[in-house]
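Asks: What would the 3D arrangement of this be:
(one chain, ligands or ions: 1)
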Amino acid sequence: MTERALTTRWSAFAANPALRSTLADAAFGLAYLLAFLVVDYLTFAQPVVRYGVTPLNLQTGLTLALLIHRGPRLAPFAAVATFASERLVRGNPSEFADLLLLATWLACCYALLAFVLRRFPHDRYLSSMRAAVRLIAGIIVGGFATALGYATYLVECSVIDAGTISATAERYWIGDINGMLLTPLLLAAPQWREAWARARERVGEVAAQLRALALTLPLFAGITGIEQVRFLYPLFVPIIWVAVRWGAAGSLLAIFMIQLSLVAQVQDSQLPMRFIDLQFLMLTLGITGLMLGAAVAERAGALVELATRESELRALLAVAPDAVLTADADGQLRSANNVARDLFRLPQREDPRDVTSRRLDALLPGIVLRGSEGRATFAGRRDDGSTFPAEVAWVRLEAPAPVGTLAIVRAATVRRLAETQAREREELVARAMRFAGAGELASALAHELNQPITALVSYLRASQILSGPAAAAEPRLGDTLSKASREANRAAEVLIRLRDFYQGGSGKAAPVSLPALLGGVVESIDERLRQAGIDVVTRIPTDLPMVSTDATRLELVLNNLLSNAIDALVDCPPGQRRVEIFGEFTADAVSLTVEDAGQGIPPEGLPLLFEAFNTTKPDGMGLGLTSSRSLVRAQGGDLSYRRGPRLGGAAFTVTLPRQPPRAASA
Ligand code: ADP
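Replies: The predicted model follows:
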């Protein structure tokens, strides 16, 4: 087979997850087998009647770790390992079938235990008390089953007396439990490198702990009988020290080291007391170390979690746009964020005066401290005694936090202001869009109407010329034609101005005499005024100065104001339909006010009065006032409204800059 074909086959194989998993199972299984035999060989000490009932069975830790990690399906490897070790290490001469039965029984017990423990896949035995307890309980029960099986097998094979079955089982049990207690260490293998790095960072501490452990070891040699076991209690000190500093992994590792040293001593036959009694002590140490270590790790995890939550909470309170206050069960303030300190004018954080001297129900009179939760608007009381409308939501803080109240406060005015501003912004955008649309429309209309109106002007002029003799005979014809011609001209100019306006032009400023201009405007709407039965009174001081403006634009503005006044007077009783126009002037401005005797503008209409498309008329466009104001402002003046001082209706005042004296005399 070529190299290329081999590579292709290998890629196909590597891409198959099922095959990969089988291969990994086999690799784990074989490594386990090897390790099992080596460990069993090294720790085979003080057996009962030669066979496997030794007080330390470290290899059971390997078996359980394998079956938990890879799954109970690898139980056959456990059976093979037991079988091989009985034959090769322990020299068990039993019948093949008996040994096979024993190996199968033991493998099944471990597989069942692994199966049960794997039902809690998130258990971290080294860092969770609950998981550690579950593992310990499993190990005790599982160890009991294997021990009983093994002892029964020995009785059945007539290796031991039926009378010693319980003592044998106990030995085996303790040995198994001690071995299985190492399972969490093996399962944590992926973290060994990280733990090693941490140990190197704290090498001084590790050295001190190793020395403490080493100091305890000679204790074993000095003990001659069970009554002296109490001298071994100091062993708890280094184990607890290691557990507190390094968690369960550290304490299990320390116990593992003691175990190894004991096995070494047993094999040199230096131990003056029964190994099994020591192993019982080891078991107690192991369980203590695992549980204490797990509890320490759990506490450390909880502290980190707590610190994270606290920093999140602090950040939340710092950026919260609302005031947040907490109080204890009596209502005494416990904390206030910066917004709360500002809102209630409380001492700032750096201020030595503490907020805890205040009461929540003093800041928010009316709040129900013992109620579970609520929402209401109170008169919030600031530290300086002033009050403000406060929208408050509060909840009761339940145990395990010290019982108290948390309140979130917002100044009602702030919220309303924000809402109003948001609404105004929306309206402004909408209006701007419509205004832009109107600009387009006006510009298009001006363009389209320009030609016909120019033609109209020409035709009217031609008609005036052609009707010369006839007009002389009939003066009303000449008069009408000249009025028509004047209006057509005005329409043409209006169109041009309108287009200029929407395109941003400011027109041509020139000295303008207001009485003359006003006279023209009133005359142009004379017909409408008469029909509506409206009296127009003009009060213009004779010395009213000239203004500097674009006459056509100002005409448009006055025309608008007068039209509005006419509309406003329709509902008035006929005798009261009056419009007054009066002029005033100051050192640098001249103003013209158009006042009517109508209803005026109601207060709610004022904010939008000069806004585009604001109209109360069925056929109105709502562009008159807004474009008038724009036209006047473009000339450096202004258009304002007030309640009429003389007639009580609407009074619109156009203010324009005075024509400079030099230009006026020019
Ligand atoms: P339109 O006349 O098309 O409605 P305007 O911008 O000229 O547009 O006027 C806007 C609104 O202002 C009118 O609809 C009317 O409600 C009010 N208004 C303007 N002038 C007067 C006035 N002299 N008296 C009472 N209300 C007026």
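
Asks: just for the stretch 401-550 of the chain, where's the confidence low?
Replies: Within the stretch 401-550 of the chain, the set of residues satisfying pLDDT under 70 comprises 401-402, 414-440, 443, 497-507.

Asks: run the last query once more with 90
Replies: Scanning the stretch 401-550 of the chain for pLDDT under 90 picks out the ranges 401-405, 410-516, 519-528, 531, 542-543, 547-550.

Asks: Enumerate the residues of it near the ligand.
Replies: For the stretch 401-550 of the chain, the contact set with the ligand under CB under 6 Å from any ligand atom is empty. C-beta here means a position set from N, CA and C on the backbone, and glycine is covered the same way.

Asks: Longest strand in the chain, please.
Replies: If you go by DSSP state E, the chain has its longest strand at strand 387-397.

Asks: What confidence value was assigned to the most centrally placed residue in the chain?
Replies: Note on the chain: the residue nearest the mean C-alpha position is residue 316, at 9.5 Å, using CA atoms, centre = their mean. The confidence metric pLDDT takes the value 88 at residue 316.

Asks: ok so, going back, what does the following helix or strand past the longest strand of the chain contact?
Replies: Counting by DSSP states H and E, the next helix or strand C-terminal to strand 387-397 is strand 404-411. Strand 404-411 has contacts (CB atoms under 8 Å, 6 or more residues apart in numbering) with 322-329, 331, 334, 340, 343, 360, 364, 367, 369, 380, 388-397.

Asks: hmm, 7 Å instead?
Replies: 322-329, 334, 340, 343, 360, 364, 367, 369, 380, 388-397 (CB atoms under 7 Å, 6 or more residues apart in numbering).

Asks: ok so, going back, counting by contacts, list what the longest strand of the chain packs against.
Replies: Judged by 3 or more CB pairs under 7 Å, 6 or more residues apart in numbering; DSSP states H and E, the packing partners of strand 387-397 are strand 373-381, strand 404-411, helix 412-466.

Asks: mind redoing it with 10 Å?
Replies: Taking 3 or more CB pairs under 10 Å, 6 or more residues apart in numbering; DSSP states H and E as contact, the helices and strands that strand 387-397 lies on are strand 323-328, helix 360-363, strand 373-381, strand 404-411, helix 412-466.

Asks: Can you show me the CA trace of it as PDB?
Replies: Extracted C-alpha coordinates of strand 387-397, given in PDB (Å, rounded to 0.1, in the frame of the first residue of the first chain):
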ATOM      1  CA  THR A 387     -39.200  68.500  49.300                       C
ATOM      2  CA  PHE A 388     -39.700  67.100  45.800                       C
ATOM      3  CA  PRO A 389     -42.200  64.700  44.200                       C
ATOM      4  CA  ALA A 390     -40.500  61.200  44.400                       C
ATOM      5  CA  GLU A 391     -41.600  58.100  42.600                       C
ATOM      6  CA  VAL A 392     -40.600  55.200  44.800                       C
ATOM      7  CA  ALA A 393     -40.500  51.500  44.300                       C
ATOM      8  CA  TRP A 394     -39.400  49.500  47.400                       C
ATOM      9  CA  VAL A 395     -38.900  45.800  48.300                       C
ATOM     10  CA  ARG A 396     -38.200  44.000  51.500                       C
ATOM     11  CA  LEU A 397     -34.800  42.500  51.700                       C
END
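
Asks: re earlier: from memory the residue nearest to the centre of the chain sits against residue 337, does it?
Replies: Yes: in this structure, residue 316 is within contact of residue 337 by CB atoms under 10 Å, at 9.0 Å.

Asks: Residues that sit against both of those two, list them.
Replies: Shared contacts of residue 316 and residue 337 (CB atoms under 10 Å, 6 or more residues apart in numbering): residue 324.

Asks: how about low-confidence regions in the stretch 151-300 of the chain?
Replies: Those would be 153-176, 178, 212-237, 255-283, 285, if you go by pLDDT under 90 across the stretch 151-300 of the chain.

Asks: returning to that earlier point: out of the contacts of strand 404-411, which end up buried?
Replies: Neighbour counting by 16 or more other CB atoms under 10 Å classes 322-328, 334, 340, 343, 360, 364, 367, 369, 380, 388, 390-392, 394, 396-397 among the contacts of strand 404-411 as buried.

Asks: Quick one: neighbours of residue 200, just the number.
Replies: By the measure other CB atoms under 10 Å, the count of residues near residue 200 is 9.

Asks: From residue 206, how far out is it?
Replies: 8 Å (CB to CB, to the nearest Å).

Asks: now swap in residue 598 and tell me
Replies: Residue 598 is 97 Å from residue 206, by CB to CB.

Asks: More neighbours: these two, which one.
Replies: Taking other CB under 10 Å, residue 598 and residue 206 do not tie; residue 598 has more neighbours (24 against 17).

Asks: Residue 616 is in contact with the more buried one, correct?
Replies: No: applying CB under 10 Å as the test, residue 598 and residue 616 come out as separate, 11.9 Å apart.

Asks: Can you check which residues contact both of those two?
Replies: residue 567.

Asks: Would you mind listing the outside residues contacting the helix or strand hosting residue 340?
Replies: Per DSSP H and E, residue 340 falls inside helix 338-343. Identification of contacts with helix 338-343 by CB under 10 Å, 6+ apart yields 317-326, 333, 336-337, 346-349, 351, 355, 363, 380, 382-383, 388, 390, 407-411, 414.

Asks: quick one: residue 360 from residue 377, how far?
Replies: Counting by CB to CB - residue 360 and residue 377 are separated by 16 Å.

Asks: Now do the SS call for the nearest residue to residue 593 once chain neighbours are set aside.
Replies: Using CB to CB, 6 or more residues apart in numbering and skipping residues adjacent in sequence, the residue nearest residue 593 is residue 653, 4.3 Å away. Three-state assignment for residue 653 (DSSP: H, G, I helix; E, B strand; the rest coil): strand.

Asks: what's residue 653 in contact with, if anything?
Replies: So residue 653 contacts 561, 582, 584, 591-595, 632, 637-642 (CB under 10 Å, 6+ apart).

Asks: number of nearby residues for the closest residue to the ligand within the stretch 101-250 of the chain?
Replies: In the stretch 101-250 of the chain, the residue that lies nearest the ligand is residue 122 (71.5 Å; CB to the nearest ligand atom). Neighbourhood size, residue 122 [other CB under 10 Å]: 6.

Asks: list the contacts for the residue lying farthest from the centre of the chain?
Replies: In terms of distance from the mean C-alpha position of the chain, residue 473 ranks first, at 89.4 Å (CA atoms, centre = their mean). By CB under 10 Å, 6+ apart, the residues touching residue 473 are residue 467.

Asks: Distance-wise, check it relative to residue 462.
Replies: For residue 473 relative to residue 462 (CB to CB), the value is 19 Å.

Asks: before we move on, what about residue 560?
Replies: Applying CB to CB, the value for residue 560 to residue 462 is 32 Å.

Asks: who has more neighbours, these two?
Replies: Set side by side, residue 560 and residue 462 show more neighbours around residue 560, with 20 against 10, by other CB under 10 Å.

Asks: so which helix or strand takes in the more buried one?
Replies: Assigned by DSSP H and E, residue 560 belongs to helix 551-569.

Asks: which parts of this structure sit against the ligand?
Replies: Residues of the chain lying near the ligand by CB under 6 Å from any ligand atom: 560, 564-565, 568, 596, 598, 601, 609, 614-617, 620-626, 650.
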